[in-house]
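*Asks:* Need coordinates for the below:
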Amino acid sequence: MKIMAVDYGDSRTGLAMCDRTEFLASPLGTIEEKNFAKTAEKLVFAAKEYEAGMIVIGLPKNMDGTEGVRAEKSRKLAAILQPATGLPVILWDERSTTKTADALLTESGTYGKKRKQVRDAVAAVVILESYLAYRKNHQENDDVKE
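*Replies:* Purely as a prediction, here's the structure:
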């Protein structure tokens, strides 16, 4: 199944998608939008355009596992996307994904303006790869929510 991952941000939201075999996760790009409702609309459109069968939204938890305002916004986004797309929407712990994305970008020699443009999409790839690894090892428990 094609799964779309979302790294939601107040100004920039990264997107990634895996192939139907759930083997390869690739960045789709970013949505540069500050308006929450418009971001949600664009995500609904992207899910339809890329024929997603599921959406995974990064859930930004604090390092101690608690949730703050950012997590609240991700939960609100999930609550909008599920009925608007009719797809299963999973919230997935995204702790340290931006650090991992930064490390990958450093490793590939991506800096400056180019880095800023792709960081959120790479973070979405990291979220998706983490979820796919879990899913591969827990096939019998596909309804996990976080």
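*Asks:* Could you list the low-confidence segments of this structure?
*Replies:* Applying pLDDT under 70 to the chain picks out residues 96-98, 100-102, 104-105, 108-111, 113-117, 140-146.
*Asks:* can you give me the strands for it?
*Replies:* Here the chain has its strands, by DSSP state E, at 3-7, 12-18, 25-32, 54-59, 89-93.
*Asks:* ok, and which of the ones you listed has the densest surroundings?
*Replies:* strand 3-7 (a mean of 28; mean count of other C-beta atoms under 10 Å). From N, CA and C alone the C-beta is placed, and that goes for glycine too.
*Asks:* distance of the nearest residue to A5 once chain neighbours are set aside from I3?
*Replies:* Closest residue in space to A5, ignoring its immediate chain neighbours: L128 at 3.6 Å, by C-beta to C-beta, 6 or more residues apart in numbering. Distance of L128 to I3, given as C-beta to C-beta, to the nearest Å: 7 Å.
*Asks:* shared neighbours, those two?
*Replies:* Residues touching both L128 and I3 (C-beta atoms under 8 Å, 6 or more residues apart in numbering) are 17-18, 56.
*Asks:* of all these, which comes closest to E49?
*Replies:* Of all the shared contacts of L128 and I3, E49 sits closest to M17, with 10.3 Å by C-beta to C-beta.
*Asks:* residue contacts, A40?
*Replies:* By C-beta under 8 Å, 6+ apart, the neighbours of A40 are 77, 80-81, 84.
*Asks:* doesn't L28 make contact with M17?
*Replies:* Yes. Contact status for M17 versus L28: in contact at 5.3 Å, counting by C-beta atoms under 8 Å.
*Asks:* Quick one: the strands of the chain as TSV, columns for distance to K73 too.
*Replies:* Conversion of the strands of the chain to TSV gives the following (distance: least, C-beta to C-beta, whole Å):
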stretch	distance to K73
strand 3-7	12
strand 12-18	11
strand 25-32	14
strand 54-59	10
strand 89-93	11
